[in-house]
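Q: sequence first, predicted coordinates after that:
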Amino acid sequence: MAGNSNVELPLYQKKQRNERIWGLAAVLSLVVAYVIGAVRTKADLLPAVQKAVRGADHIEEVRDDLFQAWGDAEENDLIGYIAIGEASGYGGPLEMAVAVSPEGEVIGAVVASHKETPSWMTRIVENDFFSSLIGKSYSERFSIGEDVDGITGATYTSRAIAEAVLEASTVAADYAGLPVEKQDPPKVVFGIPEIALIALFGIGYLGKSPKFKYKKQARWASLISGLVVLGFLYNRPLTLVYINKFLMGYWPQWQTNLYWYILIGGIFFVFTVDNKNPYCEWFCPFGAAQECLGVVGGAKVRSPGKYRPFLKWAQRGLAWGAILIALLLNNPGVTSFEIFGTLFELIGSNVQFMLLGLVLLTSLFILRPWCTYLCPLHPVEEFIRLIRKWILELWPKRKENTK
């Protein structure tokens, strides 16, 4: 009977087999998308180089990503040098074309390429952040909060711009023969968000203990803390952007991105060991906002009945499509559709504000509607669970075969 291929599998085994087939197909498609996105031609930097310096009649490339700008080459009227600097922003690598005078001062800076969310970059432009960098010397640190004021709500983007400008100006100054001192390694950023995050992980670990009597109170304290600290104060909820960044190999500098390494590393560790997602259940800021509204309106878990499979696969398809397009375009943030920033920073399009209003209104009657039907992180969590379960099933069989 074991070798009879006509034996019909039980329903749950069919479902499990189909989900694994679709899961493998999804992974294969994402791998293909990653390869296509990775081999795309590099962005043409010349337009940005030309915009970085005004009044130049002639620009020549002296080596890779380094140019000279002349007012009149025949009269030896050297305006300065243009170099390309790169740093890691919120969405991934950000490149700046930076013009530096022969004395080493920044005289122009233009974004050559970026992968930031458009709303954050718009905020940078509207606040005239670039003008604060003009006149800076290559020997200055350009540190956000010290030498340069950051832009509220776009801290990662403004920091990346400052770091890229510093790198480019240093390269240009070195080529010009100016004395360039070795830069100190970046300072480790460890403050209230990181401390709060570690504490919230600790509360989640304590709360899941069967002997802990105050699980409900601890969970609500954790949710409110996540809403206030990680949401409204610092606007640092986990989004699809960071999942895409890690998939594409854009690993940001750990010293200035310690928060994200703690968050994603903590989730992955707990998931691997305990098959639990402490973030979504205990301190996701947007999940907390929905639950608070649910208390006000008496929201309940409501089953969509026969539409449940359709809604489940629609959510999976939406997440898969968002990741696929991001990989194809080699841009982590281009398809991020979360509305967290719309709530916590009041930034977004009219469509995002309409969607936010609909979700918040629905939260009064349905428990966590965004998490249940729209959040792209939920399908990612399901996929990790699928792979984890599959590995645990295969591992004993492998051990038996090696005996």
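A: That came through fine.

Q: name the helix or strand for the residue nearest to V180 when sequence neighbours are not counted, please.
A: Spatial nearest neighbour of V180, excluding adjacent residues (Cβ to Cβ, 6 or more residues apart in numbering): D174 at 4.6 Å. Placement of C-beta: from N, CA and C, glycine included. For D174, the element it lies in under DSSP states H and E is helix 155-175.

Q: who's in contact with the helix or strand following that helix?
A: Going down the chain from helix 155-175, the next helix or strand is helix 192-207, by DSSP H and E. For helix 192-207, the surrounding residues in contact (Cβ atoms under 8 Å, 6 or more residues apart in numbering) are 212, 215, 218-219, 221-222, 225-226, 229-230, 233-234, 236, 258-259, 262-263, 266, 270, 278, 281-283.

Q: show me the residues you listed that map onto helices.
A: Secondary structure from DSSP state H places 215, 218-219, 221-222, 225, 258-259, 262-263, 266, 270, 278 of the contacts of helix 192-207 in helices.

Q: those: which two are farthest apart?
A: Distance extremes for those: the farthest pair is K215 and L258 at 29.0 Å, using Cβ to Cβ.

Q: which one of those two is surrounded by more residues?
A: Neighbours were counted for K215 and for L258 using other Cβ atoms under 10 Å; L258 has more, 18 against 13.

Q: tell me what the longest strand that the chain contains is packed against?
A: For the chain, the longest strand by residue count, based on DSSP state E, is strand 77-88. Under the contact criterion of 3 or more Cβ pairs under 8 Å, 6 or more residues apart in numbering; DSSP states H and E, strand 77-88 touches helix 46-52, strand 66-72, strand 93-100, strand 106-113, helix 155-175.

Q: could you rerun that using 6 Å?
A: Using 3 or more Cβ pairs under 6 Å, 6 or more residues apart in numbering; DSSP states H and E, the elements in contact with strand 77-88 are strand 66-72, strand 93-100, helix 155-175.

Q: what are the contacting residues of the longest one?
A: Here helix 155-175 makes contact (Cβ atoms under 6 Å, 6 or more residues apart in numbering) with 81, 83-87, 89-90, 94, 96, 98, 100, 104, 106, 109, 116, 120, 124, 129, 133, 138, 142, 144, 148, 150-151, 180.

Q: next, the angle strand 77-88 makes with that helix.
A: Helix 155-175 runs at 140 degrees relative to strand 77-88, counting by axes from the mean of the first three to the mean of the last three Cα atoms, to 10 degrees.

Q: buried set for helix 155-175?
A: Under the neighbour-count criterion of 16 or more other Cβ atoms under 10 Å, helix 155-175 has 155-175 buried.

Q: A289: how many residues sit nearby?
A: Using other Cβ under 10 Å, A289 is surrounded by 25 other residues.

Q: excluding its backbone neighbours, what's nearest it?
A: For A289, ignoring the flanking residues on the chain, the nearest one in space by Cβ to Cβ, 6+ apart is L227 at 5.9 Å.

Q: ok, that neighbour - contacts?
A: L227 neighbours (Cβ under 6 Å, 6+ apart): P285, A288, A289.

Q: coming back round to it: just the buried residues of the ones in helices among the contacts of helix 192-207.
A: With burial judged by 16+ other Cβ under 10 Å, the buried subset of the ones in helices among the contacts of helix 192-207 is A218, R219, A221, S222, S225, L258, Y259, I262, L263, G266, V270, P278.

Q: what sits against the first one?
A: Neighbour list for A218: I203, G207 [criterion: Cβ under 6 Å, 6+ apart].

Q: please redo it, this time with the cut-off set to 7 Å
A: Counting by Cβ atoms under 7 Å, 6 or more residues apart in numbering, A218 makes contact with I203, L206, G207.

Q: show me where the stretch 151-300 of the chain dips below the pLDDT cut-off.
A: For the stretch 151-300 of the chain, the stretches flagged by pLDDT under 70 are 151-153.
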